[in-house]
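**Q** compute the structure for the input listed below.
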Amino acid sequence: MLRIQLIIVCLLSCMINAGATAEVPAYLGSAACVDCHESATEQWQGSHHAEAWRQPDAGLFLNGFEGEEFTHDGMTATFWREGAVLRVDVVEKDGSEAQYTVHSVGGTDPLLHLILETEPGRLQSFDVAWDVENQSWYHLYPDQDLPPEDGYHWSGSYKNWNGRCAECHATGFEKNYDFQSRSYSSSQVEIGVGCEACHGPGEAHVALQSDVALKQYSVELTQDGFTIDMSQPQAAMEQCAGCHARREAFENGNPLPGTAFADAYSLALLRPGTYHADGQILDEVYVYGSFLQSKMHQRGVTCANCHTAHAADTIAEGNAICTQCHSPAGNPDFPTLTAVQYDSPAHHFHPADGEAAQCVNCHMAEQTYMGIDGRRDHSFRVPRPDMVWTTSAPDACTNCHDDRTSSWAADRVAEWYPDGRWQEPHYGAILSSGRDNPQNAAPALLALAADIEQPNLVRATALWLLGTGADSLSIQEIGAFLEDGDPLVRGGAVSALRQRAPLVSAPYLIKALNDDTRSVRVAAARAILTHTPDRLTPELQSQVGVAYRELGSVIANQFDFAEAHLQLGGYALIARNYPAAMQALSEAVRIDPQNAQAWATLVRTTEAVNGREAARGVLKEGLARNPNDPRLLELARIFRG
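**A** Below you'll find the predicted structure:
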């Protein structure tokens, strides 16, 4: 078996081979679809999908690019045009100046992002965006102090269009980051979300329609010649989820349409900072994770039941979209529905036809991102103001009645619905206690994970939250979740198993490493590699190479992310390969100079390898970028002692 040190060096050198590319039909571009699919094309043109990424056009910016200046936090941007070419002059708060030509435009209503090419192939999303309704410039993050050397500055790694955005704004996108030159040579079939972004490459379909002999492909095709059967609701929904989800991507760009979600991505769980403790949206999570919590999803509802496929709009306006099912007539496709009148003051206790009578305002609370972009929570939850004291999560009632308290709202709900679902136990209470104290909450978390009536995302989160609490539970009880039918739950079980000693967890980790689903295998690889070599059983030691190859194919596609190098640094430290750890951590802080955790680990590793004087130099640089970080300040105190 290769020595662990050599495998890490291979990873750091991008030498992991992710496997030969399968022979698949070629992409042809949306223009090839127009003649035969006029109606669908007409609906698609002008949709948010079609306009997700566009060439710059002065017509998009009414009264913009006329020499206007925008100043924020010491930075000034001047917008002007030279013929049809749109330009931005930027004077940063440190005095540096640069002129950029607008490369392209991302998004559509309610805001437009300017995409600027800061060096050949590297595209960055500018932090000053265009407010479409008000026809004016505004700053996306006005409360943040972001100097040019900050990773969250518009020119930093977190605003990089190639790695962070383009995959979901393009068709047939490949990121193509070269670690050696630290440059991008990204490509795509077309900018914007075109026909083939969802339906798959069209070469075989066109050949079939034209009675042309098919080539030999190494992937399974539908009878129409596509790589995905969009008539299958689950497959279609997972195709939507690839972009409408908070997730970690495994591949270099767009996976082939039809690839199972869990083979291409790892879905974000209901973690602190991303979701509230009861599962309500907090950070930008892009719908899918909240929808998976809904009873609608559990009853078979998919995106297409509410959204049109090509216009990407809702299929009806206002409450009509809800009453297609939630009405006295019900909907025969969903026989478990209670057929009663919901669109009535007798249900919502607000004046009819007013904003408060809109179903979405109680059941799909809205959160505003990027200053003006309202996104609705798709968990379709019953308002629970009574849970504010348990979870500290917001409640839909006081979102509107901001002059009232949650106690007042809870009293109103109890008065209106004396036998309502607000009295039922909610998983948010257990997840909240698990966040606070996983040891004390371990039995409740395990019971929640075992409750198959609960959403699988919630069950997986309960297993992940176990953390150190998993030590108090039977290894067989945790391992049994590896038989669950949902890869989310199996992945959650791996998270719990990684807390246990390899001596007892080895058979389960090996089982997970051989799972049919990639996200579970990647989770197992990470779990195995968090243990030092001397703790691994002989059975696990024989799987280390497999684990590195499984994980390496993912990390090799993430080398433009600081997070990837921080992971590699951790694995190298576990393997006691300190030079490799220093290399990985140095790259992490280069990409993200504000990653204080990486700086602190790099200081300690440098001290172990090169001595305290060298470590002081690293610490000085880290403190210059993070002068108030308590970890680095504590290291400075220790080094002075």
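
**Q** CA only for contacts and neighbour counts going forward, please
**A** OK.

**Q** tell me the contacts of the residue nearest in space to the middle of the chain?
**A** Geometric centre of the chain, nearest residue: R246, 2.1 Å, by CA atoms, centre = their mean. Applying CA atoms under 8 Å, 6 or more residues apart in numbering to R246 gives the contacts 267-268, 284-286, 288-289.

**Q** and those, which of them are in helices?
**A** Judged by DSSP state H, the subset of the contacts of R246 located in helices is 288-289.

**Q** ok, which pair from the contacts of R246 is furthest apart?
**A** Taking CA to CA as the measure, the contacts of R246 span a maximum distance of 13.3 Å, between L267 and E284.

**Q** which of these two has more neighbours?
**A** Between L267 and E284, counting by other CA atoms under 10 Å, L267 is the more crowded of the two (21 against 15).

**Q** ramachandran angles for the residue nearest to the more buried one when sequence neighbours are not counted?
**A** Closest residue to L267 in three dimensions, ignoring its sequence neighbours and counting by CA to CA, 6 or more residues apart in numbering: R247, at 4.4 Å. When read as degrees, to the nearest 10, the backbone of R247 gives phi -160, psi 160.

**Q** and R247, what does it touch?
**A** 265-268.

**Q** need the pLDDT of I8.
**A** I8 carries a pLDDT value of 48.

**Q** G354 too?
**A** Note for G354: predicted pLDDT of 92.

**Q** try the one 10 residues further on
**A** pLDDT, M364: 98.

**Q** quick one: the nearest residue to it once chain neighbours are set aside and E38, what's the gap?
**A** Leaving aside its chain neighbours, M364 sits nearest to D377 (4.8 Å; criterion: CA to CA, 6+ apart). Distance, D377 to E38, using CA to CA, to the nearest Å: 34 Å.

**Q** just to revisit the earlier point, in strands, which of the contacts of R247 fall?
**A** Among those, the members found in strands (DSSP state E) are 265-267.

**Q** report the contact partners of G622.
**A** 593, 596, 599-600, 632.

**Q** identify the bridge partners of the closest residue to L282 other than its chain neighbours.
**A** Of all residues not flanking L282 in the chain, Y275 sits nearest, at 4.7 Å (CA to CA, 6+ apart). Note on Y275: beta-bridge partners by DSSP bridges are I281.

**Q** measure Y275 to G617 for me?
**A** 39 Å.

**Q** with T605 instead?
**A** Where G617 is concerned, T605 sits at a distance of 13 Å (CA to CA).

**Q** can you check T336 too?
**A** In terms of CA to CA, T336 sits 66 Å off from G617.

**Q** show me where the stretch 401-550 of the chain has helices.
**A** Counting by DSSP state H, counting those that start in this stretch, the stretch 401-550 of the chain has helices at residues 406-416, 427-436, 438-450, 456-466, 475-479, 487-497, 502-513, 518-529, 538-541, 544-555.

**Q** cool, and the stretch 51-200 of the chain?
**A** Going by DSSP H, counting those that start in this stretch, the stretch 51-200 of the chain shows helices at 161-164, 195-199.

**Q** export these to TSV and append columns for distance to A309 and mean neighbour count.
**A** Listed next are the helices of the stretch 51-200 of the chain as TSV, based on distance: least, CA to CA, whole Å; neighbours: other CA atoms under 10 Å:
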stretch	distance to A309	mean neighbour count
helix 161-164	25	22
helix 195-199	10	22
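
**Q** kindly reformat the ones you listed as CSV containing mean pLDDT.
**A** Below are the helices of the stretch 51-200 of the chain laid out as CSV (pLDDT from 0 to 100):
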stretch, mean pLDDT
helix 161-164, 98
helix 195-199, 98
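
**Q** picking that back up, more neighbours, T605 and G617?
**A** More crowded of T605 and G617, by other CA under 10 Å: T605, with 21 against 12.

**Q** hmm, back to that, tell me which of the helices of the stretch 401-550 of the chain sits nearest to A170.
**A** helix 544-555 (20.9 Å).

**Q** and the next helix or strand after the closest one, what does it pack onto?
**A** Of the helices and strands lying after helix 544-555 in sequence (DSSP states H and E), the nearest is helix 562-574. Applying 3 or more CA pairs under 8 Å, 6 or more residues apart in numbering; DSSP states H and E, we find helix 562-574 packed against helix 4-12, helix 578-591.

**Q** mind listing residues that contact helix 562-574?
**A** In contact with helix 562-574 (CA under 8 Å, 6+ apart) are residues 5, 8, 12, 529-533, 555, 558-559, 578, 580-585, 587-589, 591-592, 598.

**Q** quick one: buried residues of it?
**A** 562-574 (16 or more other CA atoms under 10 Å).

**Q** pick out the most distant pair among those residues.
**A** Farthest pair in the buried residues of helix 562-574 (CA to CA) is A562 and I574. Separation: 18.6 Å.

**Q** what is the burial count for the nearest residue to G479 once chain neighbours are set aside?
**A** Excluding the flanking residues, the one nearest G479 by CA to CA, 6+ apart is Y508, at 6.0 Å. Other residues lying near Y508 total 22 when counted by other CA under 10 Å.

**Q** lowest confidence element among the helices and strands of the chain?
**A** Of all helical and strand segments in the chain, the minimum by mean pLDDT, DSSP states H and E falls on helix 4-12, at a mean of 45.

**Q** secondary structure element for Y27?
**A** Y27 belongs to no helix or strand when assigned by DSSP H and E.

**Q** make sure it is actually in contact with Q188.
**A** No. Contact criterion CA atoms under 8 Å: Y27 and Q188 do not qualify, at 9.8 Å.

**Q** got a pLDDT number for the closest residue in space to S495 that isn't next to it in sequence?
**A** Counting by CA to CA, 6+ apart, S495 lies nearest to W464, which is 5.3 Å off, once chain neighbours are set aside. For W464, the pLDDT comes out at 98.

**Q** what do you get for the one 5 residues further on?
**A** Note for G469: predicted pLDDT of 92.

**Q** contacting residues around it?
**A** By CA under 8 Å, 6+ apart, the residues touching G469 are 438-442.

**Q** filter those to the buried ones?
**A** If you count burial by 16+ other CA under 10 Å, the buried members of these come out as 438-439, 441-442.

**Q** mind listing what Y158 touches?
**A** By CA under 8 Å, 6+ apart, the contact set of Y158 is 151-152, 164.

**Q** turn those residues into CSV, including distance to G354.
**A** As requested, those are exported to CSV (distance: CA to CA, whole Å):
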residue, distance to G354
G151, 44
Y152, 41
R164, 39
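
**Q** just name the closest of the residues you listed to P502, please.
**A** Closest to P502, out of all of the contacts of Y158 and judged by CA to CA, is R164, at 35.4 Å.

**Q** okay, the residue nearest to M370 when sequence neighbours are not counted: pLDDT?
**A** Nearest residue to M370, sequence neighbours excluded (CA to CA, 6+ apart): L140, at 5.0 Å. With respect to pLDDT, L140 has a value of 96.

**Q** neighbours around L140, how many?
**A** L140: 18 surrounding residues under other CA under 10 Å.

**Q** OK, contacts around it?
**A** Taking CA under 8 Å, 6+ apart, we find L140 in contact with 127-129, 370-371.

**Q** in ChimeraX, select just the buried ones from these.
**A** Filtering these down to the buried ones (16+ other CA under 10 Å) takes a single ChimeraX command:
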select :127,128,129
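
**Q** dump the contacts of L140 into JSON lines; add distance to A320 as well.
**A** Shown next, in JSON lines, are the contacts of L140 (distance: CA to CA, whole Å):
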{"residue": "D127", "distance to A320": "37"}
{"residue": "V128", "distance to A320": "37"}
{"residue": "A129", "distance to A320": "34"}
{"residue": "M370", "distance to A320": "29"}
{"residue": "G371", "distance to A320": "29"}
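
**Q** as JSON lines, the contacts of L140 with pLDDT would be great.
**A** Formatted as JSON lines, the contacts of L140 follow (pLDDT from 0 to 100):
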{"residue": "D127", "pLDDT": "97"}
{"residue": "V128", "pLDDT": "98"}
{"residue": "A129", "pLDDT": "98"}
{"residue": "M370", "pLDDT": "96"}
{"residue": "G371", "pLDDT": "96"}
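
**Q** nice, that's everything, thank you.
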